[in-house]
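S.K.: how would this look folded up:
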Amino acid sequence: MKKTNPLYPITAAVAYTGAGIIGLVALYVAASVVLSAVPVAGKEATPAPGEAVAVYLLSNGVHTDLVLPVRNAHKDWTRFISYADTPANDTSQEFVGFGWGDRGFYLDTPTWAELKLSTGLEAMFWMGTTAMHTTFHHRPAEGPKCVRLQLTPAEYARLVRFIETKFDVDAQGRPQQIRGHSYGQNDAFYTAKGTYNLFDTCNSWTNRGLKVAGQRAALWTPFDFGIFWHY
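M.R.: Prediction:
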């Protein structure tokens, strides 16, 4: 009579679990690629002469930001956030970028080499809090990872509102800075609303902002390349 390996149930369970995880990851990646390639047609209106508002879609290779004028006739961001919240306090910079994401990723993982398994799991599975990262810029240079968009005043107003409502403000309606954290001399972090997860990433947020502003976007994407495919 053939003996049964007493460890077989355990090894089989491990094998099936591993295969299931690999299958789910493959499904996620495949869905990301397919849905990223599906365009959502922008409803861009042609701005009247002199009315166009230039905003930028900017990527660092992983995260995307929406970069807006610091102040214009439609919005003065210095009444909401401040140059003084950044180490440099450089008031000569005329644009400000906004990126929403997982607070643990933003604050505890300045480089991929410092990524912890616990941070990644919390971010992927709805267990973390979120932050808004703002960065002041001089006018961004257009290129493979930077696209200029020309918005009408109405499109710009919708985009401004989309960004503002993601900040977690205090009782007086003021953003709450996460002090002591910045990547460089010109950025700051603030508490934000929402929960980051596998299906709602920093790039998914940017993609939604483009839709709100009537610009070209992916049907859904968790990655920056899924947005830039359409530009």
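S.K.: ok, the residue minimising distance to the centre of the chain - contacts?
M.R.: Closest to where the C-alpha atoms of the chain average out (Cα atoms, centre = their mean) is residue 202, at 2.4 Å. With contact set as Cβ atoms under 8 Å, 6 or more residues apart in numbering, residue 202 has these partners: 63, 64, 99, 100, 101, 102, 196. Yep, even glycine has a C-beta here, placed from its N, CA and C like the rest.
S.K.: mind checking how far the nearest residue to the first one once chain neighbours are set aside is from residue 146?
M.R.: What it means is residue 63. Of all residues not flanking residue 63 in the chain, residue 202 sits nearest, at 5.1 Å (Cβ to Cβ, 6 or more residues apart in numbering). Residue 202 is 16 Å from residue 146, where distance means Cβ to Cβ, to the nearest Å.
S.K.: and for residue 39?
M.R.: Residue 39 sits at a distance of 20 Å from residue 146 (criterion: Cβ to Cβ).
S.K.: so the two - more neighbours on which side?
M.R.: Set residue 39 next to residue 146 and count neighbours by other Cβ atoms under 10 Å: residue 146 wins out with 16 against 12.
S.K.: lowest-confidence helix or strand of this structure?
M.R.: Least confident helix or strand, the chain: helix 117-124 with a mean of 56, by mean pLDDT, DSSP states H and E.
S.K.: how about the helices in the chain?
M.R.: In the chain, the helices defined using DSSP state H lie at 8-37, 103-108, 117-124, 153-164, 202-212, 224-228.
S.K.: comparing these by mean pLDDT, which bottoms out?
M.R.: Of all these, the minimum mean pLDDT falls on helix 117-124 (a mean of 56).
S.K.: give me the spatial nearest neighbour of residue 28, chain neighbours excluded.
M.R.: residue 198 (6.9 Å).
S.K.: what's the answer for residue 42, then?
M.R.: That would be residue 216: by Cβ to Cβ, 6+ apart, it lies 4.2 Å from residue 42.
S.K.: so the one you found touches residue 40, yeah?
M.R.: Yes: contact criterion Cβ atoms under 8 Å: residue 216 and residue 40 qualify, at 7.1 Å.
S.K.: thinking again about what came up before, so the residue nearest to residue 28 versus residue 214, what's the distance?
M.R.: From residue 198 to residue 214 the distance is 27 Å (Cβ to Cβ).
S.K.: ditto for residue 186
M.R.: Using Cβ to Cβ, we find residue 186 at a distance of 29 Å from residue 214.
S.K.: again with residue 179
M.R.: 36 Å.
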